[in-house]
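got a predicted model here, sequence first, then my questions.
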Amino acid sequence: MAEFAVSDGFFDGETLRAASAAAFGGADILECMTIARRVAPGDLDGWHDEWRAAAERAYALGEEAEQAGQVETAKTAFLRACTYFRTAGLVYLAQPVDPRLPESIARQRDAFRRAIPHLDARVDVVSIPFEGIELPGYHYRVADDGRRRATVILVNGYDGTAEELYFGNAQAALDRGYDVLAFDGPGQGSVLVEQGVPMRPDWENVLPPVVDWLLAHPGVDPERIAVIGWSLGGFLAPRAASGEHRLAACIADANFYDMLDAARERMPAALRDEIPDGDPAAMDAVASMMESVMQKPTEGWGLRRGLYVHQVETIADYLRDTAKYTLKGRAEKIMCPTLICHAENDPVAAQAPRTYEALTCPKEIIRFAAADGAGDHCELGARQLYFARAYGWLDRILEPARLA
């Protein structure tokens, strides 16, 4: 990844991620860069404090504007606060849980909900029953006119929230005439942090109750429901489509085919076949190497996050759990038209062509180029280009302008 704002690779990627919300009022690009540049490389507490302070300033502006009847200013201020509160707390995705993580989840949710009355769409805060827990989210409708529209279900990634999905895909879909359902699933956002529910791979079992919930609403056209996943959702969405056959289309943005294989590919060749259940001495060597990395403030963030999201204690257990995150034997079961998206410089999506080759349904693959600013994870530097290509594909299938 080319440097966007700062030299620390993790901080730089998260700065770009925050700045990508600017297209829909959730950030100011230079403000994000300025915040990040006040933080020393590897200083997690400094990162949290700077982003939280920016969030508090934006939130206060939103309150002042709301009291003055300045609706547009209030909306964008609360949306910026939402992004900045989320960005502040994500550095603490690890166990044991730092209290600043649940605080950031709650504050970004509150800020987003303060913006909801000022959005153009009809937005309902929803709670979807699922196996004894509740999946919180948002049901966005273009208009409350009783007409049936095409709907997209948004699936998040490892460390996102239902609120972030507004910037990631929801408003872009609304602008094109789609209704939207966005939610936190198992291991995501508030379901992980506040309910303690870990990530699970079998989204062929997670999504059907969500579709059932959606179909109970009269404005939904049952023949025109699509699922869109980004980041880890780029795996979870096609995994869901492999068992949920009421979907009319699937988009996987930043797809991988097999998580354990992806981990092996980054290991020394001599150790690849020992992961996770090979020679114990070799596995100990791998675990020791990964434990050393995990202690580094920013370089080890991904591993600390992984153990927390999967709710496991050891590197070996984490690697064993990743073996369940595969499309082997499942990609062939996807029946709906499927679009695979991958950015040129995104290692997470390096396996996307493998998924494409395994698909037997109508399919297309789009490679986004660094030369267009779209080479990073989930095309964060050029989301408008992604929206143009991905929704252009989806429009031909779901015809969002057609009302029933």
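Received the coordinates, thanks. Residues are numbered from 1 along each chain as shown.

below-threshold pLDDT in the protein: ranges please.
1, 270-271, 278 (pLDDT under 70).

just the strands in it please.
In the chain, strands defined by DSSP state E lie at 122-130, 133-141, 149-155, 179-183, 220-230, 249-253, 338-343, 363-368, listed in chain order.

of the ones you listed, flag the one that's most buried.
Ranked by mean neighbour count, these are led by strand 249-253 with a mean of 29 (mean count of other CB atoms under 10 Å). All C-beta atoms are positioned from the backbone trio N, CA, C, and that covers glycine.

that strand - contacts with which helices or strands?
Using 3 or more CB pairs under 8 Å, 6 or more residues apart in numbering; DSSP states H and E, the elements in contact with strand 249-253 are strand 220-230, helix 233-241, strand 338-343, helix 383-398.

change it to 10 Å
With contacts taken as 3 or more CB pairs under 10 Å, 6 or more residues apart in numbering; DSSP states H and E, strand 249-253 sits against strand 149-155, strand 220-230, helix 233-241, strand 338-343, helix 352-358, strand 363-368, helix 383-398.

that strand pairs with which strands?
strand 220-230 (parallel), strand 338-343 (parallel) (DSSP bridges).

of all those strands, which one comes closest to D321?
strand 220-230 (19.3 Å; CB to CB).

give me the angle between that closest one and helix 233-241.
Between strand 220-230 and helix 233-241, the angle comes out at 140 degrees (axes from the mean of the first three to the mean of the last three CA atoms, to 10 degrees).

run the chain-centre distance for strand 220-230.
Offset of strand 220-230 from its chain centre (CA atoms, centre = their mean, to the nearest Å): 17 Å.

got a list of what the residue nearest to T76 when sequence neighbours are not counted touches?
Once flanking residues are discounted, T76 sits nearest to G25: 4.0 Å by CB to CB, 6 or more residues apart in numbering. G25 sits next to 72, 75-80, 82-83, 115, 118-119, 166-167, 171 when contact means CB atoms under 10 Å, 6 or more residues apart in numbering.

A352 contacts A331, correct?
No. Counting by CB atoms under 10 Å, A352 sits too far from A331 to count as a contact (11.5 Å).

now the common contact residues for these two.
Counting by CB under 10 Å, 6+ apart, the common neighbours of A352 and A331 are N255, Y257.

got the phi/psi numbers for the residue nearest to T76?
With angles defined as degrees, to the nearest 10, G25 sits at phi 80, psi 10.

quick one: contacts for C32?
C32 is in contact with 4-5, 14-22, 51, 54, 80, 83-84, 87, counting by CB under 10 Å, 6+ apart.

quick check: it vs G229, distance?
The gap separating C32 from G229 is 25 Å, by CB to CB, to the nearest Å.

C82 now?
With CB to CB as the criterion, C82 and G229 are 21 Å apart.

same question for A111.
Distance, A111 to G229, by CB to CB: 25 Å.

then G185?
G185 is 10 Å from G229, by CB to CB.

what touches both of those two?
Common neighbours of G185 and G229, using CB under 10 Å, 6+ apart, are V155, N156, W203, L236, A240.

how about those, which pair is most distant?
Taking CB to CB as the measure, the shared contacts of G185 and G229 have their most distant pair in N156 and A240, spaced 12.4 Å apart.
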